[in-house]
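Q: quick one, fold the following:
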Amino acid sequence: MSQIRLYFETSEQKAKEINAVFEIDFEEDGYPVAIFEVDEEKAIWAVSVYSPEENISETEKRIHELLKNLDYSANIEHEKLEDYGWIEKTLSDLAPVRAGRFLVHGSHDKDSVKPSDIGILVDAGLAFGTGHHGTTAGCLEMIGAELKSGHFRNALDLGAGSGVLAIAVAKAKRIPVLASDIDPIAMEVCNQNARINGVSKFVKSITAVGFNHNEFSKYVPFDLVIANILAGPLQKLAFDMSRHLSDDAIVILSGLLPNQKARIVSSYRAQGLALKKAYIRDGWLTLVLKNIRR
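A: Next up is the predicted model:
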């Protein structure tokens, strides 16, 4: 099936503002959104939405409506992508992503990994999470910081997507990590990425909604939980998550906009988790919480 890249050019600041809105609006449909710099000297960035060819008119209409809500307009251009992987095309234009000691890279950038790096090889696939998004990168930075200062026996990556975060924990600490997602295709990709990165014996992938799976009973309580999803689901999961944590457990939450901080912190504080750190990367908020309930 052919994919169409719908794109327009704008400034860096505007691209990031628009991307934050597009990511949320197109997520449920599974339409990837990407931004990247196309002209460094002129500071021109491109915003792209990838749509199935048969839905092109509807997708373009939605783009214009979203831009109108942002008091912005743009000339939308089309690029037909076929006979090669459209995600691969996008990622091949992107540099490896560094987040603390972690370096997320594709096969074409293996040589960029230094001896001191913890390299995570993730080629393009059908699941979310290549490290290029601010939420994934923010989580990786916070994971690195917490793994340095704490002792962890196990971890949970909730909403794991391609498994980047689960793989990061497994490579850094060599501890059991349960990776969970509602999408079975994502879990296939996660399994494959764990094998490629040599941590398949540490990462267990399951398809589950929330904490509804028998496999959780084999791991609880969790010392470390990472959930990179969205504000609504995170708020709803606060109670269940708190019941699966060890004393002094660390919880890293992302998929959040800065203006959503107060309500998420409040929801988790009500379940005995205190805010330890709030971190913003590329306009996205990552929260680090500590379980203080006894």
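Q: render the CA-only coordinates of the helix or strand in which residue 236 is found in PDB, please.
A: Residue 236 belongs to helix 231-242 when elements are defined using DSSP states H and E. This file holds the C-alpha atoms of helix 231-242, laid out as PDB (Å, rounded to 0.1, in the frame of the first residue of the first chain):
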ATOM      1  CA  ALA A 231      -1.800  12.200  30.100                       C
ATOM      2  CA  GLY A 232      -5.300  10.700  30.100                       C
ATOM      3  CA  PRO A 233      -4.200   7.000  30.400                       C
ATOM      4  CA  LEU A 234      -1.500   7.900  32.900                       C
ATOM      5  CA  GLN A 235      -4.000   9.600  35.200                       C
ATOM      6  CA  LYS A 236      -6.400   6.600  35.000                       C
ATOM      7  CA  LEU A 237      -3.500   4.200  35.800                       C
ATOM      8  CA  ALA A 238      -2.300   6.000  38.900                       C
ATOM      9  CA  PHE A 239      -4.200   3.800  41.400                       C
ATOM     10  CA  ASP A 240      -3.300   0.400  39.700                       C
ATOM     11  CA  MET A 241       0.300   1.400  39.200                       C
ATOM     12  CA  SER A 242       0.700   2.300  42.900                       C
END
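Q: pull the residues that contact it.
A: 158-159, 210-211, 225, 227, 251, 253, 255-257, 260, 263-264, 267-268, 270-273, 291, 293 (CB atoms under 8 Å, 6 or more residues apart in numbering). From N, CA and C alone the C-beta is placed, and that goes for glycine too.
Q: angle of the following helix or strand past that helix against helix 231-242?
A: Counting by DSSP H and E, the next helix or strand C-terminal to helix 231-242 is strand 245-256. Angle, strand 245-256 to helix 231-242, by axes from the mean of the first three to the mean of the last three CA atoms, to 10 degrees: 170 degrees.
Q: partners of strand 245-256, with directions?
A: strand 222-228 (parallel), strand 284-291 (antiparallel) (DSSP bridges).
Q: check the gap between the closest residue to residue 271 other than its chain neighbours and residue 267 for me.
A: Spatially, and ignoring its direct neighbours in sequence, residue 271 is nearest to residue 242 (3.7 Å; CB to CB, 6 or more residues apart in numbering). Distance, residue 242 to residue 267, using CB to CB, to the nearest Å: 10 Å.
Q: just checking, what packs against the helix or strand hosting residue 277?
A: Taking DSSP H and E as the definition, one finds residue 277 inside strand 273-281. Applying 3 or more CB pairs under 8 Å, 6 or more residues apart in numbering; DSSP states H and E, one finds that strand 273-281 contacts helix 134-149, strand 245-256, helix 261-269, strand 284-291.
Q: these into a markdown table, with extra columns for distance to residue 179, mean pLDDT and mean neighbour count?
A: Formatted as a markdown table, these follow (distance: least, CB to CB, whole Å; pLDDT from 0 to 100; neighbours: other CB atoms under 10 Å):
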| stretch | distance to residue 179 | mean pLDDT | mean neighbour count |
| --- | --- | --- | --- |
| helix 134-149 | 13 | 92 | 22 |
| strand 245-256 | 14 | 96 | 23 |
| helix 261-269 | 21 | 97 | 16 |
| strand 284-291 | 18 | 96 | 23 |
